[in-house]
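>>> Return atomic coordinates for the entry below.
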Amino acid sequence: MSSNTPRTPCGENCGMSRTSPDTREEKKYSNFAIFLILFGISSKPKEVKFFCKKCGRQFDQLSPDEIENYV
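Predicted coordinates for the structure are as follows:
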């Protein structure tokens with residue numbers, strides 16, 4: 001595959017979904033949220049991305065509305 005060929009999203013190639021066992025979540029927290037977690041207080045991430053374990057590519061990300069309801 002040449003470097004000029006556009007890559008299709010991973011979900012189309014691998015058949016991944018957010019709930020698939022071959023999916024890895026990557027969460028990013030604010031500095032204040034990390035501080036709270038150190039004391040055992042749970043907090044919501046500011047960003048959640050989903051990656052395929054097979055190819056390592058990101059195929060999805062939570063929207064701001066979904067993050068508000070994220071548990």
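>>> Only C-alpha atoms from now on, for both contacts and neighbour counts.
OK.
>>> Can you name the next helix or strand after the longest helix belonging to the chain?
As assigned by DSSP state H, the longest helix anywhere in the chain is helix 31-38. For helix 31-38, the following helix or strand on the C-terminal side (DSSP states H and E) is strand 47-52.
>>> packing partners for that following strand?
helix 10-14, strand 23-28, strand 58-61 (3 or more Cα pairs under 8 Å, 6 or more residues apart in numbering; DSSP states H and E).
>>> How far does the second one sit from its chain's centre?
If you compare the mean C-alpha spot of strand 23-28 with that of the full chain, they lie 4 Å apart, counting by Cα atoms, centre = their mean, to the nearest Å.
>>> Just the angle for that strand relative to helix 31-38, thanks.
In terms of direction (axes from the mean of the first three to the mean of the last three Cα atoms, to 10 degrees), strand 23-28 departs from helix 31-38 by 110 degrees.
>>> ok so, going back, so which of the helices and strands packed on strand 47-52 has the densest surroundings on average?
strand 58-61 (a mean of 18; mean count of other Cα atoms under 10 Å).
>>> Could you tell me how far it lies from the centre of the chain?
Distance of strand 58-61 from its chain centroid, counting by Cα atoms, centre = their mean, is 6 Å.
>>> in its sheet, what does that strand sit against?
Strand 58-61 sits in its sheet next to strand 47-52 (antiparallel), going by DSSP bridges.
>>> Next, the buried residues of the partner strand.
For strand 47-52, burial by neighbour count (16 or more other Cα atoms under 10 Å) applies to 48-52.
>>> Quick check: nearest residue in space to the residue positioned nearest the centre of the chain, chain neighbours excluded?
Nearest to the mean C-alpha position of the chain, counting by Cα atoms, centre = their mean, stands Lys49 at 1.6 Å. Distances taken as Cα to Cα, 6 or more residues apart in numbering place Gln61 nearest to Lys49, at 4.4 Å, with adjacent residues excluded.
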